[in-house]
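In: Structure, please.
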Amino acid sequence: MSLIELAVRDLALIERVRLTLAPGLTVITGETGAGKSLLIDALALVLGGRADSGLVRQGAERGRVEAVFERASEPLICVRELSTTGRSTARIDDETVTAGRLSELVAPLVEIHGQHEQQRLLSGAWQRELLDAFGGLGEARATVAQAVAALRENDAALRNLVTDAGELQRQIALHEHEADDIDAAGIRVGEVDELRAALASAGSAERISRLVEMVREELVREGTGARDSLARAHREGSELARLDARYTVIAERIAGLAAEAEDTAMELRRLAAQADHDPQTVTAMEERLGRLYALGRRYGAGGDGEAALIAHGARARAQAEELRGQEVQREARTAARTRLEEEANAAALTLSEGRAASAQTLSAAVTEQLRDLGFTGANFSVAVTRVSLGASGADAVLFLFAPNPGEPSLPLARIASGGELSRVSLAIKAVLAAVDTTPTLVFDEVDAGIGGRSADPVGRCMWRLARQHQVICVTHLPQIAAYADDHLRIRKVERAGRTVTEVDALSEAERVEELAAMLVGTAGDAEALAAASRLRRRALDSTAPATTEHDVPAGPSERDAGPAERQADRRGEPAEV
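Out: You can find the predicted model right below:
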């Protein structure tokens, strides 16, 4: 899924640019400040990079970047828009997505290398990632990560168990005592309220007894009590009903009152007989209530009463049982730890062996690649040392480099020359190209610090890298630009009083002119044109089959012949603006 089109609108100096990109090596050149790196920034934006409202062209409301990627069924179209307010929107095939989702789906298609990427190369963790990628050790590394995760999970569970046997027994005894204490009390829900009511009644026993007797007297007193009075009233009412049927209901109601009076008197007698105000009984009730109160305070039942106490007892019993099971759990976890540690160490050893073997192969391959890049006596090596076991294994990886024979190999972080670091970075990328699945590689002035003599092998290396990936390179060196399959020139022009950036897709003749300008700083110099023509021809000759002949214009007089046909190794159409 290579990048086939990039369109930028209203971004910094760019008013409107649309590039059609082909496979192979595409170089972007132009004067300083013309906006070469701005195209890379635009690409990073549409890949889900951080949005900066300051990029929006002055006078415009929003900037827009569109990237089109080749796909088997139909092109994949990604759009990122950025407003002056800082708000950004992203779309994939007309579906709105978050910037994070855009990055997740599209960023793996393009890898941008710049000064930041070179700095990342100095990280030991990143060097380990590269070694694992080169050796195809992803599965072995995942096995280590899984084994270490299982070991750590088991260790965490062990830490949560009570490890001291004496402390374990003490906690079991404590929970059992609480459960037994509550169980022995035989608590019933509602018992406290019953005891309170009974004790309140006992405290008023004498007055209650007197009042009960007075009420009964009024109900059943012989002759004048309510019962006898109602009986007489019932007899007279019955007589009245016989004389006039309208009074039948009255007679029946009086009969009901008489029966109610009799029942009430009997209930009073029953309640009075049940009341036990014996001092010993009262004392027993007081002691029982005191015990329930004490249990509530001891175990924090608070205002929840008997139900909370019963629940606390059940919980204490369950905790005691759980602690009894911890001994079995601890033994199982301890045995599991031995097994898990052995598995993790075995997986780490397999990974370490793979890294050691890959380190030797990578060292030799990068050293050979460095020779092609002009480091005839340089040595690159990969040191793998043992460290404590972690999710990434038990190895530290360090890339070492000695630029000249007889010099000690030092970590890449101690390389003083930026040009040396650039070429080492390129050599590593070239070696890893076979295992790198990223379709498009972008190099943003990765040639910084590289001189003319070193530039030619860098260009040749870029061209070889472009046989396996689509490569886009921003460069200021003509020796690198000469190897391009496609050449784009960035320039600033004034239009309606505003400076804008334009991009030209160069013909073969225009390439020679651009190479000449890059050599001497100005266009039209005859000697520079001749040198540029030789530079271009040498690049084509060094990358083409032996039988291929190239027709490279030597100067402006040959421009009328039109754009030269693509060489045998070029595919697609030239960039289109």
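In: What sits closest to Ser2 if chain neighbours are left out?
Out: For Ser2, ignoring the flanking residues on the chain, the nearest one in space by CB to CB, 6 or more residues apart in numbering is Gln470 at 4.1 Å. All C-beta spots, glycine's among them, are computed from the backbone N, C-alpha and C.
In: What does the pLDDT read for the one you found?
Out: Gln470 is assigned a predicted lDDT (pLDDT) of 93.
In: Now the host helix or strand of Ile428: buried residues?
Out: Here Ile428 sits within helix 418-432, counting by DSSP states H and E. By 16 or more other CB atoms under 10 Å, the buried positions in helix 418-432 come out as 419-432.
In: tell me, which strand in this structure spans the most residues?
Out: Counting residues, the longest strand in the chain under DSSP state E turns out to be strand 379-390.
In: What average pLDDT does the host helix or strand of Ala516 get?
Out: Following DSSP H and E, one finds Ala516 within helix 508-520. Averaging pLDDT along helix 508-520 yields 90.
In: list the helices and strands it packs on?
Out: If contacts are counted by 3 or more CB pairs under 8 Å, 6 or more residues apart in numbering; DSSP states H and E, helix 508-520 sits against helix 478-481, strand 486-495, helix 526-543.
In: ok so, going back, if we take the buried residues of helix 418-432, which one ends up nearest to Ala7?
Out: Relative to Ala7, the closest of the buried residues of helix 418-432 is Lys429; by CB to CB it sits at 27.6 Å.
In: correct me, but that closest one touches Leu441?
Out: Yes: using CB atoms under 8 Å, Lys429 makes contact with Leu441 at a distance of 7.3 Å.
In: Residues that sit against both of these two, list them.
Out: Shared contacts of Lys429 and Leu441 (CB atoms under 8 Å, 6 or more residues apart in numbering): His113, Leu465.
In: Figure out the length between the terminal residues of stretch 462-479.
Out: Using CA to CA, to the nearest Å, one end of stretch 462-479 lies 11 Å from the other.
In: meant to ask about stretch 88-97
Out: 11 Å.
In: helices and strands around the helix or strand containing Leu268, which ones?
Out: Secondary structure assignment for Leu268, by DSSP H and E: helix 248-274. The elements that helix 248-274 packs onto, with contact taken as 3+ CB pairs under 8 Å, 6+ apart, are helix 205-220, helix 226-243.
In: Could you point out which of those sits nearest Glu331?
Out: Closest to Glu331 of the helices and strands packed on helix 248-274 is helix 205-220 (CB to CB; 63.6 Å).
In: coming back round to it: I'd say the residue nearest to Ser2 and Phe443 touch.
Out: No: counting by CB under 8 Å, Gln470 does not reach Phe443; the two are 11.8 Å apart.
In: any chance you could map the strands in the stretch 251-400 of the chain?
Out: According to DSSP state E, counting those that start in this stretch, the stretch 251-400 of the chain carries its strands in the segments 379-390, 393-402.
In: And the most far-flung residue of the chain relative to its centre, how far from Gly237?
Out: No residue in the chain sits farther from the centre than Leu243, which is 99.8 Å out by CA atoms, centre = their mean. The gap separating Leu243 from Gly237 is 11 Å, by CB to CB, to the nearest Å.
In: Check Ala357 too.
Out: 120 Å.
In: quick one: which of those two has more around it?
Out: Under the neighbour definition other CB atoms under 10 Å, Ala357 and Gly237 were set side by side, and Gly237 has more, 20 against 13.
In: Contact partners for the more buried one?
Out: Tyr247, Ile250, Ala251, Ile254, Ala255.
In: Kindly report the same for Ile40.
Out: Ile112, Gly114, Val442, Asp444, Val474.
In: Give the closest residue to the first one in space, chain neighbours not counted.
Out: In space, and not counting its chain neighbours, Ile112 is closest to Val442: 4.5 Å by CB to CB, 6+ apart.
In: pretty sure the one you found contacts Ala67?
Out: No: look at Val442 against Ala67 with CB under 8 Å: they stay out of range, at 11.7 Å.
In: overlap in contacts of those two?
Out: Joint contacts of Val442 and Ala67 (CB under 8 Å, 6+ apart) are Leu43.
In: Can you tell me the SS state at Gly50?
Out: Check again: residue 50 is Arg, not Gly. Using DSSP: H, G, I helix; E, B strand; the rest coil, the structure places Arg50 in coil.
In: what's it sitting at in phi/psi?
Out: phi -60, psi 130 (degrees, to the nearest 10).
In: Would you enumerate the residues in contact with the spatially closest residue to Ile92 that is not a sequence neighbour?
Out: The shortest distance from Ile92 to any non-neighbouring residue, by CB to CB, 6+ apart, is to Cys78 (5.4 Å). Residues in contact with Cys78, defined by CB under 8 Å, 6+ apart, are Val46, Leu47, Glu66, Ala67, Val68, Phe69, Ala90, Arg91, Ile92, Leu102, Val106.
In: still on that earlier bit, hmm, which two among the contacts of Ile40 are most spread apart?
Out: Maximum distance among those (CB to CB): 10.3 Å, for Ile112 and Val474.
In: which residues do those two both contact?
Out: Taking CB under 8 Å, 6+ apart as the criterion, Ile112 and Val474 both touch Ile40, Asp444.
In: So for the two, which residue has more residues nearby?
Out: Val474 (23 against 19).
In: wait, isn't that one in contact with Ile480?
Out: No: counting by CB under 8 Å, Val474 does not reach Ile480; the two are 10.0 Å apart.
In: Name the residues contacting each of those two.
Out: With CB under 8 Å, 6+ apart, Val474 and Ile480 have common neighbours Val27.
In: coming back round to it: most tightly surrounded among the strands of the stretch 251-400 of the chain?
Out: Of all the strands of the stretch 251-400 of the chain, strand 393-402 carries the top mean neighbour count, a mean of 21, counting by mean count of other CB atoms under 10 Å.
In: pretty sure Val220 is touching Thr264, no?
Out: No: in this structure, Val220 is not within contact of Thr264 by CB under 8 Å, at 9.7 Å.
In: quick one on the thing from earlier: would you mind giving the strands of the stretch 251-400 of the chain as JSON lines with mean pLDDT and distance to Ala311 added?
Out: Listed next are the strands of the stretch 251-400 of the chain as JSON lines, based on pLDDT from 0 to 100; distance: least, CB to CB, whole Å:
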{"stretch": "strand 379-390", "mean pLDDT": "95", "distance to Ala311": "45"}
{"stretch": "strand 393-402", "mean pLDDT": "94", "distance to Ala311": "50"}
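In: mind giving me a markdown table with those and columns for distance to Ser201?
Out: Converted to a markdown table, these look like this (distance: least, CB to CB, whole Å):
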| stretch | distance to Ser201 |
| --- | --- |
| strand 379-390 | 75 |
| strand 393-402 | 80 |
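In: Right, I'll call it a day here.
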